[in-house]
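S.K.: fold the following for me, if possible:
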Amino acid sequence: RSRRSSHQPQKMAFRAWCPRGPLHRYVLRSGGALALRTRHIHMEGMAKAAVNMGMKHAKTGLLETDDFYTNGIPESQFKFDHKTYGSLTKVFDEHRKVDPFSHVRDDIDGVTDCIKDIIGSDHKVLNTVANYFIEAAGKRIRPAIVMLVSKSLNGGGEPTEKQGRVAQISEMIHTASLLHDDVIDKSDSRRGLKTINKLFGNKMAVLGGDFLLARASLTLARLKDPEVIELMSLIIEHLVKGELMQIHKAEPGNGISHYITKSFYKTASLMANSCRSAAILGGHDERCQDLAYEYGKNVGLAFQVVDDLLDFEGNTSDLGKPTLADISAGLATAPVLYAAQNFSEVQPLIDRKFSQVGDVQLALHYVEKSGALGETRTLAASFAENAVAAACEMPDCVAKSALITLVERVLLRNR
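M.R.: As a prediction, the model looks like this:
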């Protein structure tokens, strides 16, 4: 894949099979092979998918990005062999001694302080709105990932000032998206707190999100790196596309592919492109940039799938929001979509967005009956495996172990 086309919205170019490719084949340093993967998400499968979808550039190796994501990523590319999970656990055991968040605690505190300085405003209400979730944030997984990837690619060295700026920008974009999402979803609580729209109204929530995006854009422009500016700006475009995909239901038979693509846009793109940007600003080569991107993308997808799993398995006090919130809002996530593959009765519920009395409980019944929660865990594990594979190709250092442990934390989290 060419460096420039890897993130441009017009085209993505993929190189022919090369045994020396960064993720073409990997062996985890756990005493045995975990799996064999093709570079990025199974190139062979993508070529077949391109042919099946009738893309005009399939024979030349070029995919039209918008067409590809509109049609969805073929579900066959995300199958996970249960037998390999034991090897994944073995890798986690080897690296668990490193706590990822403790390793970058000082860096994250610095990110938080810088964000507060960046979003300072002489408008009292706007300042309160913009700082509300910044003050209440948890572990800040997004800037933590950027910092850990930066340290790992730097061979354990400290992130540069510009890499730290990427972490700040990613958190501001994320927080802005939360303010906007809560307005769209009419949410009353997040992280155990009342939402901005509940406290101050929709108008202030939207303006607060816009203000955060403006300050993030200003910080981004000051990096004076056109490629990074393009990458980080693409994240905002993807957030909008993901929201639109969530509004419009998938074509029949394309539910899981639609869901994975939407999850990339809404969650994983921010992590993936932030990690690649950090690699670029660290002066690393294309191979390292690809590894950073793959790690961010796959840990982001795993994070979202687990989040949707917790909507069924978690509890309100841990999550800081009501359980079954997505399905109650008319959204079909992975557990429901897998249930629909086993029971035709589920599709009508999805089509009417669970709007009739008893629809939510009926859908929950089929989710439990179909074993869909297990399939959803398997999907999350497949992305986790890919993230670990990318991390294992990075230079050996404490930060690398922290990246691997962070993947385990994502899989096992309860909030």
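S.K.: quick one: low-confidence parts of the protein?
M.R.: 1-87, 136-138, 315-322 (pLDDT under 70).
S.K.: make it 80
M.R.: 1-90, 93-94, 121-122, 130-131, 133-139, 191-192, 249-253, 314-322, 415 (pLDDT under 80).
S.K.: what's the spacing between the nearest residue to Val299 once chain neighbours are set aside and Thr376?
M.R.: The shortest distance from Val299 to any non-neighbouring residue, by CB to CB, 6 or more residues apart in numbering, is to Ala387 (4.3 Å). Every residue, glycine included, has its C-beta placed from N, CA and C. Separation of Ala387 from Thr376 (CB to CB, to the nearest Å): 17 Å.
S.K.: could you do Met204 as well?
M.R.: In terms of CB to CB, Met204 sits 36 Å off from Thr376.
S.K.: so between the two, which is more surrounded?
M.R.: Thr376 (24 against 19; other CB atoms under 10 Å).
S.K.: what's the closest non-adjacent residue to the more buried one?
M.R.: Ala334 (4.5 Å).
S.K.: any idea how many residues pack against that neighbour?
M.R.: Count around Ala334 with other CB under 10 Å applied: 27.
S.K.: for the closest residue to Ser217 other than its chain neighbours, helix, strand, or coil?
M.R.: Spatial nearest neighbour of Ser217, excluding adjacent residues (CB to CB, 6+ apart): Ser233 at 7.8 Å. Under DSSP: H, G, I helix; E, B strand; the rest coil, Ser233 falls in the helix class.
S.K.: what does the one 4 residues further on give?
M.R.: Going by three-state DSSP, the secondary structure assigned to Glu237 is helix.
S.K.: I'd like the next helix or strand past the helix or strand harbouring Ile260.
M.R.: If you go by DSSP states H and E, Ile260 is part of helix 255-263. Downstream of helix 255-263, the next assigned helix or strand under DSSP H and E is helix 269-281.
S.K.: show me where the stretch 301-415 of the chain has its strands.
M.R.: Using DSSP state E, counting those that start in this stretch, no strands are found in the stretch 301-415 of the chain.
S.K.: returning to what we had before: as CSV, could you dump the C-alpha coordinates of the helix holding Ile260?
M.R.: Extracted in CSV, the C-alpha atoms of helix 255-263 (Å, rounded to 0.1, in the frame of the first residue of the first chain):
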residue,chain,number,x,y,z
GLY,A,255,-25.5,-6.8,8.9
ILE,A,256,-22.2,-7.9,10.5
SER,A,257,-20.1,-6.3,7.7
HIS,A,258,-22.0,-3.1,8.0
TYR,A,259,-21.6,-3.2,11.8
ILE,A,260,-17.8,-3.7,11.6
THR,A,261,-17.4,-0.9,9.1
LYS,A,262,-19.5,1.4,11.2
SER,A,263,-17.4,0.5,14.2
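S.K.: which helices and strands does it pack with?
M.R.: Packing contacts for helix 255-263, counted by 3 or more CB pairs under 8 Å, 6 or more residues apart in numbering; DSSP states H and E, involve helix 226-247, helix 286-313, helix 334-342.
S.K.: can I get those in a markdown table with distance to Lys186?
M.R.: Shown next, in a markdown table, are the helices and strands packed on helix 255-263 (distance: least, CB to CB, whole Å):
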| stretch | distance to Lys186 |
| --- | --- |
| helix 226-247 | 14 |
| helix 286-313 | 16 |
| helix 334-342 | 20 |
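S.K.: you'd agree Glu294 is up against Glu385?
M.R.: No - using CB atoms under 8 Å, Glu294 is not in contact with Glu385, being 11.5 Å away.
S.K.: let me know the secondary structure of the residue of the chain positioned farthest from its centre.
M.R.: Distance from the C-alpha centroid of the chain, by CA atoms, centre = their mean, peaks at Asp122 (33.7 Å). Asp122 carries the three-state label coil when classified by three-state DSSP.
S.K.: how near is it to Lys203?
M.R.: 19 Å.
S.K.: could you do Ala278 as well?
M.R.: 35 Å.
S.K.: when these two are compared, which one has more neighbours?
M.R.: Ala278 (32 against 10).
S.K.: quick check: the more buried one vs Gly371, distance?
M.R.: 39 Å.
S.K.: ditto for Asp290
M.R.: For Asp290 relative to Gly371 (CB to CB), the value is 35 Å.
S.K.: who's more crowded, these two?
M.R.: Comparing Asp290 with Gly371 by neighbour count (other CB under 10 Å), the higher total belongs to Asp290, at 23 against 13.
S.K.: all helices of the stretch 51-200 of the chain, in order?
M.R.: Using DSSP state H, counting those that start in this stretch, the helices of the stretch 51-200 of the chain run over residues 65-71, 85-95, 100-103, 105-118, 124-136, 141-153, 161-185, 196-200.
S.K.: can you mark which positions in the third one are buried?
M.R.: Neighbour counts over helix 100-103 (16 or more other CB atoms under 10 Å) mark Pro100, Phe101, His103 as buried.
S.K.: wait, the first one sits on Thr405?
M.R.: Yes - A contact is recorded between Pro100 and Thr405 when judged using CB under 8 Å, the distance being 5.2 Å.
S.K.: nearest residue to Phe152 other than its sequence neighbours?
M.R.: No Phe there; residue 152 is Ser. For Ser152, the closest residue by CB to CB, 6+ apart turns out to be Ala399, at 4.1 Å.
S.K.: and the one you found, how far is that from Asn202?
M.R.: 41 Å.
S.K.: what's the answer for Ile247, then?
M.R.: From Ile247 to Asn202 the distance is 17 Å (CB to CB).
S.K.: who has more neighbours, the two?
M.R.: Asn202 (15 against 10).
S.K.: just to check, that one is in contact with Asp185?
M.R.: No - with contact defined as CB under 8 Å, Asn202 does not reach Asp185; the gap is 11.5 Å.
S.K.: is it true that the residue nearest to Val299 touches Val407?
M.R.: Yes - taking CB under 8 Å as the definition, Ala387 is a contact partner of Val407 at 4.9 Å.
S.K.: shared neighbours, those two?
M.R.: Val299, Ala302 (CB atoms under 8 Å, 6 or more residues apart in numbering).
S.K.: nothing else from me, thank you.
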